[in-house]
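1. 3D, please:
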Amino acid sequence: MIREELAHLVVPIGDVTIHPRNVRQGDVGAISESLKEHGQYRPIVVQRSTGHVLAGNHTLKAAKALGWDRIAVTYVDCDDDRALRILLADNRTNDLATYDDAALADLLRELADTEAGLAGTMFNGDDLDDLCARIIQPTILNVEDAFSRLPQNDRPDATQMTFTVTLDQAEQIKDCLKASKKRHDFNDTGNENSNGNALWAICDEWQRHVC
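-> Sure, this is the predicted structure:
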């Protein structure tokens with residue numbers, strides 16, 4: 001099913017071909033499920049002179065697997081060198097994308113509570129459970145250290161800070177704090193909190209080297 005708004009871009013599916021130098025390995029099965037659920041809602045991108053697909057190779061494969069005889073296409077006029085660069089850039093930009101895990105989990109939980117659930121999202125309940133397991137709520141790495149030795153009297157502006165991080169991020173943060181404590185002697189900071197001093201030292205070094 002091709003969505004009505006793309007009707008003016010439809011061509012016979014035999015007019016376009018998989019790019020022979022596409023090195024991307026996509027999940028044709030998942031794309032097929034999306035096409036069945038939502039139809040084709042954006043055109044594939046094709047080099048006009050060769051008919052080679054520059055963006056959407058696996059969408060074309062999925063459409064063929066579903067027995068489609070037409071597909072919506074946007075044509076690009078470019079030489080072969082530019083075509084390869086577009087092909088690689090499209091794949092690479094997808095590789096570089098990331099999720100805000102906490103925001104994604106909120107969105108999936110919201111949809112999971114609807115009548116349709118997670119249908120059509122390409123996520124399932126297990127994906128949501130795994131995602132939630134990677135996210136931890138604000139915690140203090142060492143509760144006693146964090147609260148028992150905050151500066152008093154002469155430093156009334158002392159404050160406590162908490163952050164939400166993933167489990168992997170927490171492990172890296174712990175390692176960095178440990179390394180910072182070994183590297184520095186915190187005698188003149190006015191703060192007896194070892195984690196606070198270690199975090200400050202990391203930020204101070206980063207700021208002096210980067211900013």
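2. ok, then the element right after the lowest-mean-pLDDT helix or strand in the chain?
-> Ranking every helix and strand in the chain by mean pLDDT, DSSP states H and E puts helix 143-148 at the bottom, with a mean of 50. The helix or strand immediately downstream of helix 143-148 is helix 167-183, counting by DSSP states H and E.
3. now that following helix - C-alpha only, CSV.
-> Below are the C-alpha coordinates for helix 167-183, written out as CSV (Å, rounded to 0.1, in the frame of the first residue of the first chain):
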residue,chain,number,x,y,z
LEU,A,167,23.9,1.8,34.1
ASP,A,168,26.7,1.8,31.6
GLN,A,169,27.2,5.6,32.2
ALA,A,170,27.2,5.0,36.0
GLU,A,171,30.0,2.5,35.7
GLN,A,172,32.1,4.9,33.7
ILE,A,173,31.4,7.7,36.1
LYS,A,174,32.5,5.6,39.1
ASP,A,175,35.7,4.7,37.3
CYS,A,176,36.5,8.3,36.5
LEU,A,177,35.8,9.5,40.1
LYS,A,178,38.0,6.7,41.4
ALA,A,179,40.8,7.8,39.0
SER,A,180,40.4,11.4,39.9
LYS,A,181,40.7,10.7,43.7
LYS,A,182,43.9,8.8,43.1
ARG,A,183,45.4,11.6,41.0
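4. just the buried residues of it, please?
-> Residues 173, 177, 180 are the ones in helix 167-183 that count as buried (16 or more other Cβ atoms under 10 Å). Just so you know, the C-beta spots here come from the backbone N, C-alpha and C atoms, and that holds for glycine as well.
5. mind listing what's buried along the longest strand along the chain?
-> Ranked by residue count, the top strand of the chain under DSSP state E comes out as strand 70-76. Using 16+ other Cβ under 10 Å as the test for burial, strand 70-76 gives 71, 72, 73, 75.
6. out of those residues, which comes closest to residue 100?
-> Nearest to residue 100 among the buried residues of strand 70-76 is residue 72, at 30.5 Å by Cβ to Cβ.
7. helices or strands up against the longest strand of the chain?
-> strand 10-12, strand 44-47, helix 57-65 (3 or more Cβ pairs under 8 Å, 6 or more residues apart in numbering; DSSP states H and E).
8. any idea of the mean pLDDT for the helix or strand that it is followed by?
-> The helix or strand immediately downstream of strand 70-76 is helix 80-96, counting by DSSP H and E. Averaging pLDDT along helix 80-96 gives 94.
9. what's the offset of the following helix or strand past helix 80-96 from the middle of its chain?
-> Per DSSP H and E, the first helix or strand lying C-terminal to helix 80-96 is helix 101-112. Its chain's C-alpha centre and that of helix 101-112 lie 14 Å apart, by Cα atoms, centre = their mean, to the nearest Å.
10. and the contacts of helix 101-112?
-> The contact list for helix 101-112 (Cβ atoms under 8 Å, 6 or more residues apart in numbering) reads 117-118, 121, 123, 125, 127-128, 131-132, 134-135, 164, 166.
11. buried residues of that helix, list them for me.
-> Using 16+ other Cβ under 10 Å as the test for burial, helix 101-112 gives 102, 105, 108, 111.
12. hmm, who's touching stretch 176-187?
-> 141, 194, 195, 197, 198, 199, 201, 202.
13. let me redo that: stretch 64-84
-> For stretch 64-84, contacts defined as Cβ under 8 Å, 6+ apart pick out 2, 6-7, 9-13, 15-16, 19, 21, 28, 32, 35-36, 40, 42-50, 52, 54, 59-60, 63, 86.
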